[in-house]
Structure formats: C-alpha cells, structure tokens
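Engineer: Kindly generate the corresponding structure for this input.
(2 chains)
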Amino acid sequence: MTDDMNLMEMVERYVRGEMDPQEMSYFESLRRADPAIDQLVVEHSMFLRQLNDFGDRKAFKTVLGETHEKLLANGEIRTEQPKVRVLQKYKRVLAMAASIAGLTALAISGLVSYFTPKSSPVEIAQLKKELNAVKISQKQTQNEINTFKNTSPRPATPGKFGGTGFLIDGKGYLVTSAHVVAKADSVYIVNSKGDYFKAKTIHVNDNTDIAVLKITDSRFEPVQKLPYGIRKAKADLGEQIFTLGYPRTEIVYNEGYLSAKTGFNGDTVTYQIAISANPGNSGGPIFNQSGEVIGVLSGKQLTAEGVVFSSQSKNIFKALDSIRHDTTTFTIKMPTHSSVKGIDRVQQIKRIEDCIFNVMSY
Amino acid sequence: MSADQTEKELLKGLAGNDRKASETIYKQHYNMVQALIVNNNGSAEDARDIFQEAMLVLYEKARSGNFELNCQLKTYIYSVCRRLWLKRLQQLQRYSTEIDGIAEVVQVEEDMEKHEARNLEFSVMEKALLSIGEPCKSLLEAYYLQKRNMADIAASFGYTNADNAKNQKYKCLARLKKLFFAQYKNQVA
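Structural biologist: Numbers count the residues shown, from 1 in each chain, chains lettered A, B, ... in the order given. Coordinates of the predicted model:
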C-alpha cells in the first residue's frame, strides 16, 4: 500500500514536471527496468489527466451559466418565445369542438360535485400555527418593552396565525396559502432580519389555496431580480424537491420528493409530496432541483404518515390571470426562468432565502 | 487583424480558460442558435441547453490542440447545434426530424462522436466521485478540481498537518481510481 502510494506521488510529480534531473533519471530507469511500473505510470497519468479535464469542464460549465445570466441581464442576448402557429383552416372546427367540450365538461363537473360526498375538513390539517395564550401574554409584555427601545413600527399584538410567503415579483408581490390569510383583519410580513412590513391581500382562491399579497409599506426595498422562476409545466413523479419556511421565527430548510401528481382523494390542483412539514410551513415555495417553484405547500393528511400536499404552480398563473381580469392596471411580472440552475444547494439557498418571508395574519 | 485571425485568437482564449473569449463567442452566436431552436419546436430553455452543449464541444476541440477550423466559427456552431437538436428531437419523438433553416452547414459527425465518448468518460468519473463518499469527495475536489494547496486543505478539513492530509488524499485517490477503472473498462472499452 505505501509502495503504491509512493509510486502514485512520484507519478504525480513526474507528470507535473516537479522532479529535479537526478530524480527524473532515477525514475525513468525504474520505468525501463520494470514494465509493471511503466504500465502503472501510463495508467495513472491518464487517470490524472481525466480528473483534471473533468474539473476544467465543470468549471467551464459554471462559467457558461454565469455568462448567460450576465448577458441576459445586460440585454446583450434576449429570450425569444416560441410563436404559436394557428391553423387558420381549422379555426371554425376547433371553435365548435371546444365549445362542445366545454359544455360537456360543465355538465360532468356539475354532476360530480352534486354526487361527491363532502370530504371531512378535519382530515387535513392546515399547517398554520395557532400561538397559545401564554406565549401571547409573554410577547405582549415583550412588545411593551420593545416599543420603548425600538422605533421600528410593528403591530401591537402578536399574530393569530403564521405562515410562509415568497416573492413572485421583486416590486413586492408575494404568494402564500389562502388559509394563512383567511379571516385576517390585517397582514404583516417579516423578513429573516425581523423587520415587519404591512401587506394587503389582493387575491384569494380557497379552491387552489393560493393568495396573492402586495407589500404596501414604503420602507420595503424592491428586489432587482428574483433568483428563482415559477414553473408553468407539471412537475415529474420522483423529482427531488426542497422548501424553505418559517415553522419557527427562524427560516428552516427541508427536502423530499414528489410522490404523486395529484393530491388528497385525487385532487388535480395539488400534488402529494413527501417532505417533513410543520405548522408555519404553509404557503412556503416548493422548489425542484433547478430552483424552479413547482408548488406552494398547503397541508398534510392527519390519517396517514408523511403525506403532505402542495398546490401546483400553475395555480399561481391562474391567480395572476384572474387578477389581470379584475384590474386595469396590471403590473405583476413573474419570472419563469431560474438563475440558480446547476449550482450547489447551499449557494442556491443563500440566493433564495432573502425572498422568503414569514406571513403573520391578525 | 482579419476576421479569420480574430476567430483564431478567440479559440486560443477559449482553450486557455479566458472568460472574455467565451463571453464574446456567447454574445455573438447565442441569438442565432436560439432562433434556430425556437423556430423548430423548442423553447428558450432548450436553446440555452443546446448552445451550452455546443460551447462544450468547441471548448474541448479547442483544447485538444490539433484544432483547425476550416470554416467560419458561426457555421461550425450552427452545424453542431443543428445536429444536437435533431438528436434531442428524435429522443423526444417530436413530430419532425427535419429542421428548417437556410444557413450553410458543415460535417460535424466526427466531432460529435468524440464529444459523446467524452461525455461518457465524464459521467463515469462523476459516478465514481459520487460513490466514494465523504470526506474523500470533498478532499479530492478541493485538491484536483479547485486546485487549492495542501496546507490550506489540511487547515480547513481539520488535519493536523499537510502530510496527514496528503496521505489521506492518496488513499482517496487510490479508491477513486479503482472505482473509475472498474466502470471505465466496462463502459468505454
């Protein structure tokens, strides 16, 4: 073993040209004398070259990724979207087919909703946390002390419910779960540094469990460019996923995988995922490995172990569509491309965590 | 400098890991490739992947030393991307196996074969690195990939001195080599 190691070290120095002439001639005579050693030298230097090239290639790939981002940001290359080709010829037929399909779908969904038994709401625990009375009174005392020390404006009483939210537009638009902000008088969001910002709810959909908030506080500094994108397409079974959320006042990381493309009782607006989630994780983004948001964490099944549900990311697009429909001044620009693709997880989290907030509703 | 000369300089820079060179090539040719992919059933994401793969082909060709470009860089990149995209379309079994495009193409079959063989070798190395476990993986990556020096590594991995770290590194290297060649002889040879 030690002989082998010595030899490996020698080969390495030989390949790198670090030997002095005397050592070199000794080494070369060794090679000539023993074909087995010669064979080893050839093999080892090939292996080292391979390893070296592997490293260079990996570094080059990183450079390519960074270059792409940089050029895109500088506007020196632009993203072109595929053009949709409409089949002029079949327009009428298509329109007719679509209206028939629409009517049928309506009729069937009416029938289905009429006949399905209502699922009992207690079977799914929504992961918002209810803070207990002791904590409340303790915090109230704390708050009173704080108001003397601290001038940063924050709500007078602690929140009734806590959840997680994440930015979809750097200007201050967030997505969270509908049940986190349900029945809330007012909503505050808290960043990882503990600063409070006032926010208002601009859209709620209880079916998909998606809510869109807007930060109204003028102290909020807009984020230039979000590191992640929102995925439009469906996620794949078995994809590795991770989430960041606020089950505590500290940001917490968890990872898992996508276990089914539908949710509770075959619900098609949600996914079933396997991840450890606690009260407070609700509304947290579910990322795939490239850092694209594929869903929004929503709840877990009480009657089964390790079954967590997440609203699908397409529901966010749906929510934006209906906001667009309702208002005339629609300015939300949501990123669809992740700029943290292919980098190390720790680095991904460092870039992402500033865009994840604790949502408190009062 | 003639256009030909400029491209030669760019390739030399690319082979020498000069960031500016790769950025220039990227800037000059990305939009062309994107147009090709987007007009042929692809998305902007696909374009990015294909273009970066083509950059890798170019990078490896430039580094191989005996690279003579007997056409314009633009034509070469276009040809490689066209070939890569055709292959991807076939894998995805999307409709057409024909690509619209009017630009001139050159034969790149030989380079593509080399590139695929190379990809296979690297995937073997990646697998081997993933299966040796920690701390071996980090240790070897720090020394051979990030090219940090031994004293520095010893300090950050908590070895008492550089010699200890060095011994550990050789043990790890021996294991990696064994795993690599076991796979390599199976797959490549």
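
Engineer: Any regions of chain B where pLDDT drops low?
Structural biologist: Residue ranges of chain B with pLDDT under 70: B:1-3, B:66-67, B:93-103, B:187-189.

Engineer: Name the residue of it with the shortest distance to chain A.
Structural biologist: residue B:145 (3.5 Å; C-beta to the nearest C-beta). Just so you know, the C-beta spots here come from the backbone N, C-alpha and C atoms, and that holds for glycine as well.

Engineer: What residue, apart from its backbone neighbours, is nearest that residue spatially?
Structural biologist: Nearest-residue entry for residue B:145: residue A:55, 3.5 Å, with adjacent residues in sequence omitted and distances by C-beta to C-beta, 6 or more residues apart in numbering or on different chains.

Engineer: ok, then the element right after the helix or strand hosting the one you found?
Structural biologist: Per DSSP states H and E, residue A:55 falls inside helix A:35-74. As assigned by DSSP H and E, the chain's next helix or strand after helix A:35-74 is helix A:91-115.

Engineer: Give the rounded mean pLDDT of the helix holding residue A:55.
Structural biologist: For helix A:35-74, the mean pLDDT works out to 85.

Engineer: Same question for stretch A:272-286.
Structural biologist: Mean per-residue pLDDT for stretch A:272-286: 89.

Engineer: that older thread, contact partners for the residue nearest to residue B:145?
Structural biologist: By C-beta atoms under 8 Å, 6 or more residues apart in numbering or on different chains, the contact set of residue A:55 is B:141, B:144-147.

Engineer: What's the PyMOL syntax to select whichever of these are buried?
Structural biologist: In PyMOL, this line selects whichever of these come out buried by 16 or more other C-beta atoms under 10 Å in any protein chain shown:
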select buried, chain B and resi 144+145
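
Engineer: okay, which residue is most central for chain B?
Structural biologist: The centre of chain B sits closest to residue B:56, judged by C-alpha atoms, centre = their mean, with a distance of 3.8 Å.

Engineer: Can you verify my assumption that that one contacts residue A:59?
Structural biologist: No. Counting by C-beta atoms under 8 Å, residue B:56 does not reach residue A:59; the two are 11.8 Å apart.

Engineer: Against which helices or strands is the helix or strand where residue B:12 lies packed?
Structural biologist: For residue B:12, the element it lies in under DSSP H and E is helix B:3-15. If contacts are counted by 3 or more C-beta pairs under 8 Å, 6 or more residues apart in numbering or on different chains; DSSP states H and E, helix B:3-15 sits against helix B:19-38, helix B:44-63, helix B:73-92.

Engineer: make it 7 Å
Structural biologist: Using 3 or more C-beta pairs under 7 Å, 6 or more residues apart in numbering or on different chains; DSSP states H and E as the contact test, the elements touching helix B:3-15 are helix B:19-38, helix B:44-63.

Engineer: tell me which residues of stretch B:113-120 are tucked away?
Structural biologist: The neighbour-count check on stretch B:113-120 (16+ other C-beta under 10 Å) flags B:115, B:118 as buried.

Engineer: For chain B, give me its nearest residue in chain A.
Structural biologist: Closest residue of chain A to chain B, C-beta to the nearest C-beta: residue A:55 (3.5 Å).

Engineer: Distance of that residue relative to residue B:142?
Structural biologist: Residue A:55 is 11 Å from residue B:142, where distance means C-beta to C-beta, to the nearest Å.

Engineer: interface residues of chain B facing chain A?
Structural biologist: B:19, B:22-23, B:26-27, B:30-31, B:34-35, B:38, B:43-44, B:48, B:52, B:55-56, B:59, B:121-122, B:125, B:144-145, B:170, B:173-174, B:177, B:180 (C-beta under 7 Å from any C-beta of the partner chain).

Engineer: Quick check on those: which are buried?
Structural biologist: Neighbour counting by 16+ other C-beta under 10 Å classes B:22-23, B:26, B:30-31, B:34, B:38, B:43-44, B:48, B:52, B:55-56, B:59, B:121-122, B:125, B:144-145, B:170, B:173, B:177, B:180 among the residues of chain B next to chain A as buried.

Engineer: From the contact counts, what lies against the longest helix along chain B?
Structural biologist: Longest helix of chain B, by residue count under DSSP state H: helix B:162-187. Using 3+ C-beta pairs under 7 Å, 6+ apart, the elements in contact with helix B:162-187 are helix A:2-16, helix B:109-131, helix B:136-140, helix B:150-157.

Engineer: Counting neighbours, which bits of it end up buried?
Structural biologist: For helix B:162-187, the neighbour count (16+ other C-beta under 10 Å) marks B:162, B:165-166, B:168-173, B:175-177, B:179-181, B:183-184 as buried.

Engineer: got it, and stretch A:16-26?
Structural biologist: Going by 16+ other C-beta under 10 Å, stretch A:16-26 has these buried residues: residue A:19.

Engineer: Could you work out the end-to-end span of it for me?
Structural biologist: In stretch A:16-26, first residue to last residue: 16 Å (C-alpha to C-alpha, to the nearest Å).

Engineer: now stretch A:225-233
Structural biologist: Note: stretch A:225-233 ends 22 Å apart using C-alpha to C-alpha.

Engineer: Does it reach chain B?
Structural biologist: No. Using C-beta under 7 Å from any C-beta, stretch A:225-233 stays clear of chain B, with a minimum separation of 9.7 Å.

Engineer: what's in contact with that stretch?
Structural biologist: Contact with stretch A:225-233 is made by A:167-168, A:170, A:287, A:291-294, A:313-314, A:316-317, A:334-340, A:351-352, A:355, as judged by C-beta atoms under 7 Å, 6 or more residues apart in numbering or on different chains.

Engineer: Contact partners for the closest residue in space to residue A:52 that isn't next to it in sequence?
Structural biologist: Nearest residue to residue A:52, sequence neighbours excluded (C-beta to C-beta, 6+ apart): residue B:144, at 6.7 Å. The contact partners of residue B:144, taken as C-beta under 7 Å, 6+ apart, are A:51-52, A:55.
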